[in-house]
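Visitor: I need the structure of the sequence given here:
(one chain, ligands or ions: 1)
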Amino acid sequence: MDIISSLTDMQSRCLAERAAGKRIAFVPTMGFLHEGHASLLREGRRRGDVLALSIFVNPTQFGPSEDLDRYPRDLERDLAIARDAGVDLVWTPTPAQVYPPGYATWVNVEGLTDVLCGASRPGHFRGVTTVVCKLFNVVQPNVALFGEKDFQQLAVIRRMTADLDLPVEVVGMPIVREADGLALSSRNVYLSADERRQALAIPSALARARALAAAGERDGAAVLREVRAMIEAMPDARIDYVQICHRATLAGQARIDADSVLLLAVFVGRTRLIDNGPLLAGA
Ligand code: PAF
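Guide: Residues are numbered from 1 along each chain as shown. This is a model prediction of the structure:
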C-alpha cells in the first residue's frame, strides 16, 4: 500500500495507472474509518484494479460553529483498516494543497441542496461538491463509492457528476449499523453512554415508520407524528429535521409511496446524527 501526501504525486500516479489501462475505484473519506467505510473499500476492491482511498477532513464543508477542530482523527488506525481492505493508494492531502492561497472556485448544485441538511448547514454541500469534484480530478476514478447514510450527499454528488459530465460511476452502498441498529458514523465517538442509549430512538423510529407503512398507513403526517414523539421522548434529543421525501428529487411528500424515504437529523446532546431509510419494502 502506497501512502501519498502530495497532490501532484497522487495525480501523476493515478494518470499513470489509467494510462496503463487500470480501472481505478475510489473511496473518498474524512478518515476515522469504521465498518461502513470498510464496506465501501471491499466493494471498491471488487470493482477496480487499483483501489484508492483519500483521507481529508475537508474544512470547507464545516460551518463556523461546527466540529472541524474536534473532528476525530486516527491516521494509524485508518491505515491499518485500509491495509486490511486491500487498498493500493492512500492519499492524505493537506488543506493548503487542496485550497492554496487565492483559491476562489466553487461547485454548487442548486435545488437539491436547499432542503434537509442543506437548509440546516448553509454552505455544507458547496464544500462537499467542491472537494469531491477536486478529488475526482486528481484521482481520475472510473468508479467512486459513497455510503447511503449520507443520503442527500449521495443525491447531490450524483447530480454534480451528471451535470458536469464527469466520467465517474457513482455507487451508493447500504448503511452499516451496529447490532442494536445505530447507524455507524465517525461522530458516534462523541456520544456518552447515556446519549448512545438515547440515540437508539432514531433507528427505532425508522423501524416504527416502516411498520406503519407496511400496515397500510400512507399519510406522511401521521407517520411523522409518531417518529417525532419517539425521538422527543428522549431528554437529550433535539430534532433538526424529520421528513418524508421522494428518493430522487428529495421533494417533501405528504403521501407515502414506493419512492418515499424517511430522513432524520437529530442532535443527541451536542452530536448531530443523521439516518434514513425507505418506507416501503423493496423501495
Ligand atoms: O462523506 C464524507 O466523508 C465527506 O463528505 C466526503 C464525501 C469525503 C467529502 O469530504
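
Visitor: Identify the residues contacting the nearest residue to Thr60 once chain neighbours are set aside.
Guide: Nearest non-adjacent residue to Thr60, counting by Cβ to Cβ, 6 or more residues apart in numbering: Gly127, 3.5 Å away. (C-beta placed from N, C-alpha, C; glycine too.) Applying Cβ atoms under 8 Å, 6 or more residues apart in numbering to Gly127 gives the contacts 58-62.

Visitor: what are the phi and psi angles of Gly127?
Guide: The phi/psi pair for Gly127 (degrees, to the nearest 10) reads phi -70, psi -40.

Visitor: Next, work out how far apart it and Leu68 are.
Guide: Counting by Cβ to Cβ, to the nearest Å, the gap from Gly127 to Leu68 is 10 Å.

Visitor: Now do the shared contacts for these two.
Guide: With Cβ under 8 Å, 6+ apart as the test, Gly127 and Leu68 both reach 59, 62.

Visitor: Could you say which helix or strand holds Ala162?
Guide: helix 151-163 (DSSP states H and E).

Visitor: Counting by contacts, list what that helix packs against.
Guide: helix 116-120, helix 124-139, strand 143-147, strand 169-173, strand 260-268 (3 or more Cβ pairs under 8 Å, 6 or more residues apart in numbering; DSSP states H and E).

Visitor: can the ones you listed go into CSV with extra columns for mean pLDDT?
Guide: Formatted as CSV, those follow (pLDDT from 0 to 100):
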stretch, mean pLDDT
helix 116-120, 98
helix 124-139, 98
strand 143-147, 99
strand 169-173, 98
strand 260-268, 98
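
Visitor: Can I get the ones you listed in TSV including distance to Leu41?
Guide: Shown next, in TSV, are the helices and strands packed on helix 151-163 (distance: least, Cβ to Cβ, whole Å):
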stretch	distance to Leu41
helix 116-120	24
helix 124-139	14
strand 143-147	8
strand 169-173	10
strand 260-268	25
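
Visitor: neighbours around the residue of the stretch 151-283 of the chain found nearest the ligand, how many?
Guide: Nearest residue of the stretch 151-283 of the chain to the ligand (Cβ to the nearest ligand atom) works out as Gln153 at 5.8 Å. A count of nearby residues for Gln153, using other Cβ atoms under 10 Å, gives 23.

Visitor: now the one 10 residues further on
Guide: Other residues near Asp163 come to 12 when the count uses other Cβ under 10 Å.

Visitor: I'd guessed it sits against Glu110; true?
Guide: No: Asp163 is beyond contact range of Glu110, at 9.6 Å (criterion: Cβ atoms under 8 Å).

Visitor: would you list every one of the strands in the protein?
Guide: Secondary structure of the chain by DSSP state E: the strands cover 2-4, 24-29, 50-55, 89-91, 143-147, 169-173, 237-246, 260-268, 271-278.

Visitor: Can you lay out those strands as CSV showing mean neighbour count and distance to Val227?
Guide: Shown next, in CSV, are the strands of the chain (neighbours: other Cβ atoms under 10 Å; distance: least, Cβ to Cβ, whole Å):
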stretch, mean neighbour count, distance to Val227
strand 2-4, 15, 43
strand 24-29, 26, 29
strand 50-55, 25, 34
strand 89-91, 23, 39
strand 143-147, 22, 22
strand 169-173, 17, 23
strand 237-246, 17, 5
strand 260-268, 22, 7
strand 271-278, 20, 11
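
Visitor: closest to Ile81 out of the ones you listed?
Guide: strand 50-55 (9.2 Å; Cβ to Cβ).

Visitor: So what touches the closest one?
Guide: 14, 17, 22-31, 41, 44-45, 75, 78, 82, 85-93, 135, 139, 141.

Visitor: Same question for stretch 268-275.
Guide: Contact partners of stretch 268-275, identified using Cβ under 8 Å, 6+ apart, comprise 117, 149-151, 175, 183, 185, 187-188, 190-192, 195, 198-199, 202-203, 206, 234, 236-237, 240, 263-267.
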